[in-house]
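Novice: After the sequence you'll find the predicted model.
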Amino acid sequence: MKKLIYTVFIVAGLAALTFSCSEESMDPSMEQDKIVEGSITKAEDVQGVLFGAYNRMTQTPYYGRDLIIYGEIRADNAFANGNSGRFTNIAKMSMVVTDGYATDTWTDIYEVIASCNILIGLDPSAIEGDLAEINHYIGQAYALRALGHFDLLKMYGQQHVSGGGDVGVPYILEYKGEDLTPVRNSASDVKSKIETDLATAVSMMTEALNDPSHVYMSTYGAYALQSRVALYFGEWGKVITAAEAVIGSGEYQIIPEAEFISSWFTKSSANSIFELAYSTTDNNNINGLSQIYRGAAYGDIQALADLQTIFDDGDVRADTNFMIGIGFETGLLRNLGKYPSADYSDNINLIRYEEVILNYAEALFESDRAGDALTQLNLLTAERGAQAWTVATKEIILQERRRELCFEGFRHDDLTRNGMDIPLVSEFEQTHGGPAYGSFNYVFPIPEVEMNANSNMVQNSGY
């Protein structure tokens, strides 16, 4: 049997060439299934393959829903109520090797990587069209490949598991490469390759070619990803350098308090660095974030009451009518404000400027610049109707991250990268029981289909 990752790459390549990343075309059609080799001859062909990568990112198993939910229900922001049976094993952190979520997310991310590797393997000088434009497309592919491997490492890598060692995930550098049974790269090697890919992305992209719609990766998106990656690994100087590149651009702003709620209905808003495109006709429909957070059919993900206690009175992020409150469909505490449209047309923000500010604040604090960190934190509180902080501490920084980024999938990573146990604030609702840092179930199992297909694959500890 051919290895699963290899098979995924073949399938991804066949459907990748002429995707449109517009909001009207998320799904492949028969005419888009064409042989990859020899068919990429023009800049628009390169763009088409790139659109295929973006399309795969929008699907339910990846950023279309599941990856974001994983970060909330495996922490202390939300829980799965079992209304339609979705995410119950994930919420319990009791997955098995045949778990469909773990399998589908693994597969979907490697499909994105496959599309990226088609482009990365090209010789730009052999493609007809403007060279700067072609390089800009390929630079985006490098950034998306880095993001995909980073997400895989956080979900399937053993770097935070007691006794797990430095075991990461396979870092796939070629489309249809000769190695059909790749070993798992070390976590440190994955980190190094992510950093190299992001540096290459920045070097290949051109600021003047950044798309104003924000639905494509940009030079500043790559810098923002550098800050996210460096934050995860505690490399504070790198966070500062990358964050300052974004802040110094003057391209983005913290959304003002009066516009915060409406900004979640707004595409390409002033705080958006990178978002995925959806529309009323081109979306995940009932399987998307809106339905899973509060829909009448699903509505499986509820907010924990503890989350409301961390906000100041008057903080717009906890407005009980529009942000975190009682859902009209069920009368239960819900995320009301993020991904709010009932017609599933909301774009999904993957990188907001506010995250970069928070990354910057934490790195400044860890670099013995607590006063500067406090200044950055209070740039946020000033635009949220919250009280200004009088001192910057690690606890306050993590609380401000939780207040600003809740329901966006960051919380589990924030706990994990800081070596923290998962807080148990509701024994009944949090069915995972509050695992201690280092527990094997902090990460997903390697899917059984991958284990069966690849004789060199090693299963994660505890599975």
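Specialist: Received, thanks.
Novice: count of neighbours near Ile255?
Specialist: Each residue near Ile255 was counted by other CB atoms under 10 Å, and the total is 23. Any C-beta I mention is one placed from the backbone N, CA and C, and that applies to glycine too.
Novice: got a list of what it touches?
Specialist: Ser263, Ser269, Ala270, Asn271, Glu354, Glu383 (CB atoms under 8 Å, 6 or more residues apart in numbering).
Novice: Isn't the fourth one up against Gln253?
Specialist: Yes. Here Asn271 lies in contact with Gln253, judged by CB atoms under 8 Å, at a distance of 6.3 Å.
Novice: so where's the protein uncertain?
Specialist: The chain contains residues with pLDDT under 70 at 1-37, 328-330.
Novice: Just list what the biggest helix by length in it packs against, helices and strands only.
Specialist: If you go by DSSP state H, the chain has its longest helix at helix 131-156. If you count contacts as 3 or more CB pairs under 8 Å, 6 or more residues apart in numbering; DSSP states H and E, helix 131-156 packs onto helix 43-57, helix 66-73, helix 100-120, helix 187-204, helix 219-232.
Novice: could I get those helices as TSV with distance to Ser213?
Specialist: Output for the helices and strands packed on helix 131-156, formatted as TSV (distance: least, CB to CB, whole Å):
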stretch	distance to Ser213
helix 43-57	12
helix 66-73	21
helix 100-120	20
helix 187-204	18
helix 219-232	12
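Novice: number of nearby residues for the nearest residue to Pro124 once chain neighbours are set aside?
Specialist: Of all residues not flanking Pro124 in the chain, Ile134 sits nearest, at 4.8 Å (CB to CB, 6 or more residues apart in numbering). Neighbour count of Ile134, defined by other CB under 10 Å: 24.
Novice: before we move on, what about Tyr216?
Specialist: 24.
Novice: That one contacts Met57, doesn't it?
Specialist: No. At 11.1 Å, Tyr216 does not count as touching Met57 under the criterion of CB under 8 Å.
Novice: quick one: contacts for Leu122?
Specialist: Each residue near Leu122 by CB under 8 Å, 6+ apart is listed here: Ile40, Val46, Ile138.
Novice: So it: helix, strand or coil?
Specialist: Under DSSP: H, G, I helix; E, B strand; the rest coil, Leu122 falls in the coil class.
Novice: roughly how far apart are it and Ala318?
Specialist: Distance of Leu122 to Ala318, computed by CB to CB, to the nearest Å: 48 Å.
Novice: Tell me which two of the contacts of Ile255 sit farthest apart.
Specialist: Using CB to CB, the two most remote members of the contacts of Ile255 are Ser269 and Glu383, lying 13.2 Å apart.
Novice: Now for Phe311: which residues touch it?
Specialist: Arg317, Ala318, Ala386, Arg403.
Novice: Remind me which helix or strand it belongs to.
Specialist: For Phe311, there is no host helix or strand (DSSP states H and E).
Novice: Show only the entries of the contacts of Ile255 found in helices.
Specialist: Of the positions in these, Ser263, Glu354 sit in helices, assigned by DSSP H.
Novice: Widest-spaced pair of the contacts of Phe311?
Specialist: Ala318 and Ala386 (9.1 Å).
Novice: What ranges does this protein have for its strands?
Specialist: Using DSSP state E, the strands of the chain run over residues 78-80, 272-276, 301-303, 324-326, 333-335, 348-352.
Novice: Rebuild those strands as JSON lines, extending it with distance to Lys238.
Specialist: Output for the strands of the chain, formatted as JSON lines (distance: least, CB to CB, whole Å):
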{"stretch": "strand 78-80", "distance to Lys238": "31"}
{"stretch": "strand 272-276", "distance to Lys238": "18"}
{"stretch": "strand 301-303", "distance to Lys238": "33"}
{"stretch": "strand 324-326", "distance to Lys238": "33"}
{"stretch": "strand 333-335", "distance to Lys238": "32"}
{"stretch": "strand 348-352", "distance to Lys238": "17"}
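Novice: just to revisit the earlier point, for the helices and strands packed on helix 131-156, which one sits closest to Ile286?
Specialist: Ile286 sits nearest to helix 66-73 of all the helices and strands packed on helix 131-156, at 14.3 Å, using CB to CB.
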